[in-house]
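Undergrad: have a look at this prediction, sequence included:
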Amino acid sequence: MIVRSLSCLALLAMASCTYLRDRGLDFADCFKVNAGAGIGLAVDIKLTDYVSPGVGVASYTINAGWDDRRIYGVWRESDVINTPRIAYEVFLAEQGSRTDENVEAATLFTDLALSSLNLPNERWLRDGDSVTVEYYSLFNFWGAGERHRARAMTGHIVDPTGRARMVDKSVWQKGFFDLGIAVGPVAARAGFNPLQFVDFLGGLFGLDLADDDGKGRKAVRLRDREIIGS
């Protein structure tokens with residue numbers, strides 16, 4: 001009887017620890033916050049992964065904080081903002097064909113901003129030996145993750161033609177609203193995911209809506225990156 005009672009208590013304690021761990025991870029999944037030091041000039045605003053414009057040059061930073069179950073602690077990160085380099089090319093080509101000489105500066109700036117909105121942005125992250133890349137754009141519906149961009153700044157983290165893994169997110173993980181900024185030697189990112197908060201609330205009542213309980217870091221899936229045009 002005593003052995004059986006102790007066994008029951010041990011099982012209850014294990015179940016309680018598992019429950020608390022999963023609730024803690026579910027709660028942590030709702031947020032991301034980190035700060036970094038390095039060099040850069042860029043800003044991006046994410047309204048879920050599907051609507052994520054950004055402008056700037058690029059940034060290379062060493063960060064500390066919590067990004068998701070895959071990236072936390074300390075990691076290196078490169079934000080490769082394809083605007084304005086590609087945007088400038090399009091913009092200057094357009095300006096070269098203009099016949100009017102008195103174009104206002106505000107008009108030029110507006111044209112440049114509009115031409116850059118739908119270009120993909122990239123985040124390259126190295127956590128130990130793991131290298132992953134994420135792609136974003138203003139309307140990121142049609143396989144932006146399969147596109148390949150090689151940039152000099154990216155080479156500080158990983159050879160763009162070498163091995164890197166794509167983050168294969170669930171719908172729940174794509175629901176982040178966050179802001180990332182790099183100005184000179186400092187960078188920061190913060191965000192909140194309302195979908196993951198719904199999963200957290202469901203978990204309090206035993207519902208695993210995002211199907212991530214008991215999975216720890218494995219909750220973020222990775223797959224080999226397809227390089228197109230290389």
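TA: That came through, no problem.
Undergrad: use CA for all of it now, contacts and neighbours both
TA: OK.
Undergrad: how close does residue 53 sit to residue 81?
TA: According to C-alpha to C-alpha, to the nearest Å, residue 53 stands 10 Å off from residue 81.
Undergrad: now the common contact residues for those two.
TA: Common neighbours of residue 53 and residue 81 (criterion: C-alpha atoms under 8 Å, 6 or more residues apart in numbering): residue 121.
Undergrad: which of these two has more neighbours?
TA: Using other C-alpha atoms under 10 Å, the more surrounded residue of residue 53 and residue 81 is residue 81, with 28 against 24.
Undergrad: what's the closest non-adjacent residue to that one?
TA: Leaving aside its sequence neighbours, residue 81 sits nearest to residue 121 (C-alpha to C-alpha, 6 or more residues apart in numbering; 4.8 Å).
Undergrad: in the chain, which spans are helices?
TA: Taking DSSP state H as the criterion, the chain carries its helices at 2-28, 85-96, 105-116, 194-203.
Undergrad: state the mean pLDDT of the first one.
TA: Read that as helix 2-28. What helix 2-28 shows for mean pLDDT is 71.
Undergrad: so what pairs up with the residue nearest to residue 81 in the strands?
TA: Note on residue 121: beta-bridge partners by DSSP bridges are residue 81, residue 136.
Undergrad: and the one 4 residues further on, by the same measure?
TA: Beta-bridge pairing of residue 125, defined through DSSP bridges, involves residue 77, residue 132.
Undergrad: that one: how many residues sit nearby?
TA: 26.
Undergrad: that one contacts residue 156, doesn't it?
TA: No. Checked against C-alpha atoms under 8 Å, the pair residue 125 and residue 156 is beyond contact range at 10.5 Å.
Undergrad: so what sits against both of the two?
TA: In contact with both residue 125 and residue 156: residue 78, using C-alpha under 8 Å, 6+ apart.
Undergrad: ok, residue 45 to residue 176 distance?
TA: 10 Å.
Undergrad: and these two? which has more neighbours close in?
TA: Per other C-alpha under 10 Å, whichever of residue 45 and residue 176 has more neighbours is residue 176, with 23 against 19.
Undergrad: so what does the more buried one have for phi and psi?
TA: Dihedral pair for residue 176: phi -70, psi 140, per degrees, to the nearest 10.
Undergrad: what's the per-residue pLDDT of it here?
TA: 95.
Undergrad: which residues touch the nearest residue to it once chain neighbours are set aside?
TA: The shortest distance from residue 176 to any non-neighbouring residue, by C-alpha to C-alpha, 6+ apart, is to residue 193 (4.2 Å). Neighbour list for residue 193: 29, 30, 31, 173, 175, 176, 177 [criterion: C-alpha under 8 Å, 6+ apart].
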